[in-house]
Structures are given as structure tokens and as C-alpha cells.
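Q: need coordinates for the following:
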Amino acid sequence: MDNIFETASRNKVRFSGVRGNLSVEDLWDLSFQQLDDMYAGLDEVAQKDGVKHLMDECREDDGTALKMALIERVFTVKVEERNAQKQRAEDRAALKRLMEIKARNKNAAEEELDPVALDAMISELKQKLS
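A: The predicted structure is shown next:
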């Protein structure tokens, strides 16, 4: 199963869930809990299928393993996206904190300037603005 999504689309894989029949792309709209519940249900079916029967070779593959792999992949990608979004939010907050610290440090440095240097800077800025 190199590309499970290609295999799924070629086989027109459908899932039956609480919202009726779902296509592979519908999996992306499900919550983590819904994906987990569907996976558990398929795993239960797979466990029952683990029992050997004489008719095993005559039965058609119902695609349980493929369905489980699809759900697992969607779940994993959604977790990665959620973690990346959380990391971006943490990075934005850290950047904001650092910018605030930098601004405070700049203000503190300016407040420590001697009056002669302040007068020179004020004069320079007045000339630029006029």
C-alpha cells in the first residue's frame, strides 16, 4: 500500500458512521473522538476476522486494513497540524514578549542618556520634522 489515498479512491472506499456513509475526504471533518471510535470499530471487525475459517479464501477482502490505515493517517496528520498550530501560537507569544522586552530596554537606555545627548537628539529630530 504505497499510497493509501490512491488505493482508497480507486476502490471507492466508503465508511459507515454516525453520519451515514462517508467518503475518504469526509474523514478530515471528523473530530479526534469520532476518528478514534471508527478506528476502534474497525479494529473490532479485524479482530473477529482474525479467526480462521474454511471459507476464508472464498471471502472478498472488505478493506478493513485499508480503512484503518486511512483513519490512522488522517488522525496523525490532524494531530501534527494541531501541534504545529499550537507551536506557532507559542512562538508568536514569545516573539511578542521579546519585542516588549526590547522596547523596554531601548526606553531604559534612552532614559540613561545624559542631558546634552538628549538635547542633541531632540534638535536633530526637530530639524527632520520641520
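Q: where's the most centrally placed residue in the chain relative to residue 129, distance?
A: Geometric centre of the chain, nearest residue: residue 81, 1.0 Å, by Cα atoms, centre = their mean. Relative to residue 129, residue 81 is positioned 49 Å away (Cβ to Cβ, to the nearest Å). The C-beta positions use only the backbone N, C-alpha and C, and glycine is treated the same way.
Q: then residue 102?
A: Separation of residue 102 from residue 129 (Cβ to Cβ) stands at 25 Å.
Q: by contact count, what packs against the longest helix anywhere in the chain?
A: Scanning the chain for the longest helix, with DSSP state H as the assignment, gives helix 64-111. Where contact means 3 or more Cβ pairs under 8 Å, 6 or more residues apart in numbering; DSSP states H and E, helix 64-111 is packed against helix 4-10, helix 32-49.
Q: where does the chain dip in pLDDT?
A: Scanning the chain for pLDDT under 70 picks out 1-2, 18, 49-62.
Q: give me that answer again for 90
A: The model of the chain has pLDDT under 90 over residues 1-2, 9-11, 16-21, 41-65, 99-130.
Q: for residue 90, give me its contacts.
A: Residues in contact with residue 90 (Cβ atoms under 8 Å, 6 or more residues apart in numbering): none are found.
Q: gap between it and residue 42?
A: On the measure of Cβ to Cβ, residue 90 and residue 42 end up 35 Å apart.
Q: repeat that for residue 68.
A: On the measure of Cβ to Cβ, residue 68 and residue 42 end up 5 Å apart.
Q: what about these two, which has more around it?
A: Each of residue 68 and residue 42 has its neighbours counted (other Cβ atoms under 10 Å); residue 42 has more, 22 against 19.
Q: okay, and the residue in the chain sticking out farthest from the centre sits in which element?
A: Distance from the C-alpha centroid of the chain, by Cα atoms, centre = their mean, peaks at residue 116 (55.4 Å). Assigned by DSSP states H and E, residue 116 belongs to helix 115-129.
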